[in-house]
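S.K.: Here is my input, please return the structure:
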Amino acid sequence: MQINLNFKKNRNIFKKIQKHFGKSYYFATFFLPKEKKEATQILYAFFRIPDEIVDNPNFEDSKTIREKLLIWKEKWHKAYQSNKSDEIVLEATSNVFRKFSIPFELSISFLDAMITDLEKKRYQNFEELKKYMFGSAAAVGLMMCYIIGFKEDKALEYAQNLGYAMQLTNFLRDIKEDFEIRGRIYIPLEELTQFNITENDIKNHNLSNDFISLMKFQIQRARSLYKNANEGIKLLNKDGQFAVKMASVLYEKILDKIEEQKYDIFSKRAHTSFFEKVYILIKEIIRNEK
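M.R.: Sure thing, here's the model as predicted:
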């Protein structure tokens, strides 16, 4: 069964969205089989458009942005029900959901998390943050799990943890940007207090010993989630295992970069270069062949 939408006709749209906004993600999914790679590019566009509405609002007020998100959500409902839409991305996504039997409620969890970003700027503790991350990240991991295919339901738990790990990595990399541009702090308030960090420390780019201790604590949490998630890769269909491993390794490498910068996420955004990605790829290929 082929995805109904003529992907070839719109291939550049989906590829450009993924390549521009998700370079590590794009690099990793290159190793998926053709149909799964195309489905992933469509799904990434579905994720990215509402994310951009929230994060790059062109000076619109939150009420206007919320209305745009609700309109997008309603269009998605109709696209899923009818398998048709005047929005290329939504029609393509509805076909992907049917083709790979992706539970519809996962998409709603994701869209609701985008709406939460408009209403909630602080999280009291990690459990509260984790509820948000289920929609913004774990649901994405679960959707990808259905595209790749899995051998037993336990794989879904590991997929959630990979989503959490990647999201936490984003939070640490983007502390400065999230605070200064969007007014958000994704580090739980209880943990800021635990490490004697105030919002003014973030505002003033205070790279204190306490801040470094906080970063070490958060990085260890993320690494534990990556370690757990990687144990579940073997439960995925074989033709998708290498791509997921690459995604995990490339994203975790951002944590290495933060450490190499001595935890200074204020003066430089941690990222891996194209040549570093190629080097990581070669290492993983060699390790995979042993």
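S.K.: May I see the buried residues of stretch 153-171?
M.R.: Neighbour-count burial for stretch 153-171 flags 155-156, 158-171 (criterion: 16 or more other CB atoms under 10 Å). Bear in mind the C-beta positions are built from the backbone N, C-alpha and C, glycine included.
S.K.: Please apply the same query to stretch 76-90.
M.R.: 76, 79-80, 85, 87, 89-90.
S.K.: picking that back up, for the buried residues of stretch 153-171, which one is nearest Cys145?
M.R.: Ala159 (4.0 Å; CB to CB).
S.K.: Could you check how far the closest one is from Val140?
M.R.: Distance check for Ala159 against Val140: by CB to CB, to the nearest Å, it reads 9 Å.
S.K.: what do you get for Asn230?
M.R.: The gap separating Asn230 from Val140 is 17 Å, by CB to CB.
S.K.: Of those two, which one has the most company?
M.R.: Val140 (26 against 18; other CB atoms under 10 Å).
S.K.: Can you tell me the closest non-neighbouring residue to the more buried one?
M.R.: Ranked by CB to CB, 6 or more residues apart in numbering and with sequence neighbours excluded, the top spatial neighbour of Val140 is Gly163, at 5.5 Å.
S.K.: Ser101 now?
M.R.: Counting by CB to CB, 6+ apart, Ser101 lies nearest to Tyr146, which is 6.2 Å off, once chain neighbours are set aside.
S.K.: and that neighbour, how many residues sit next to it?
M.R.: Applying other CB under 10 Å, I find that Tyr146 has 20 neighbouring residues.
S.K.: So Gln167 sits against Ala137, correct?
M.R.: Yes. With contact defined as CB atoms under 8 Å, Gln167 counts as touching Ala137 (3.5 Å).
S.K.: is it true that Val244 touches Leu236?
M.R.: Yes. Using CB under 8 Å, Val244 is in contact with Leu236, at 6.1 Å.
S.K.: Quick check on these two: which one has the bigger neighbour count.
M.R.: Using other CB under 10 Å as the criterion, Val244 and Leu236 rank with Val244 on top: 25 against 22.
S.K.: Report all helices and strands that the helix or strand hosting the more buried one contacts.
M.R.: Using DSSP states H and E, Val244 maps to helix 238-260. If contacts are counted by 3 or more CB pairs under 8 Å, 6 or more residues apart in numbering; DSSP states H and E, helix 238-260 sits against helix 23-29, helix 139-148, helix 154-173, helix 209-231, helix 274-289.
S.K.: that older thread, in JSON lines, list the buried residues of stretch 76-90 along with distance to Met133.
M.R.: Converted to JSON lines, the buried residues of stretch 76-90 look like this (distance: CB to CB, whole Å):
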{"residue": "Trp76", "distance to Met133": "21"}
{"residue": "Ala79", "distance to Met133": "26"}
{"residue": "Tyr80", "distance to Met133": "24"}
{"residue": "Ser85", "distance to Met133": "28"}
{"residue": "Glu87", "distance to Met133": "27"}
{"residue": "Val89", "distance to Met133": "23"}
{"residue": "Leu90", "distance to Met133": "24"}
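S.K.: Nice, that's everything, thank you.
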